[in-house]
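In: Next one to model:
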Amino acid sequence: MKRYTKPDNNGYRLLPEAFTSELTGPAADRLGALEDLYEALLNEQDRLSRELAGLRERGQTRSYHFRERMARKLNISTVLRALEEIFTRPD
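Out: The predicted model follows:
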């Protein structure tokens, strides 16, 4: 996902390549927060993938920890899929 915002001291600023001029305000703050959430979910997904790989290597695929992490990964995947559908929707 290409970001359209950049965090600054006063919240978020819309990047000039996304619009004809830089804009700030509540809309930019909300969009920036949504983009931060998306990136945080991607990072969490990567972290969970590494943890699951480690548990698989140790043969712990039936453990509580493996199942709990797998459920979290599936939940995050569902949210990411919904966000990607929104972000890639034609204007």
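In: In stretch 58-66, which residues are buried?
Out: Buried residues in stretch 58-66, defined by neighbour count with 16 or more other CB atoms under 10 Å: residue 66. Using the backbone N, CA and C atoms, a C-beta is placed for each residue, glycine as well.
In: ok, now stretch 38-53?
Out: Within stretch 38-53, the residues scored as buried using 16+ other CB under 10 Å are 38, 41, 48, 51-52.
In: For residue 63, see how far away the residue sitting nearest the centre point of the chain is.
Out: For the chain, the residue lying nearest the average C-alpha position, counting by CA atoms, centre = their mean, turns out to be residue 38 (2.1 Å). Noted for residue 38: a distance of 30 Å to residue 63, by CB to CB, to the nearest Å.
In: and if you look at residue 49?
Out: 17 Å.
In: Residue 23 now?
Out: Distance, residue 23 to residue 63, by CB to CB: 49 Å.
In: residues in contact with the residue located most distally from the centre of the chain?
Out: Largest separation from the mean C-alpha position in the chain: residue 59, at 29.3 Å (CA atoms, centre = their mean). Contacts for residue 59 (CB atoms under 8 Å, 6 or more residues apart in numbering) come out as none.
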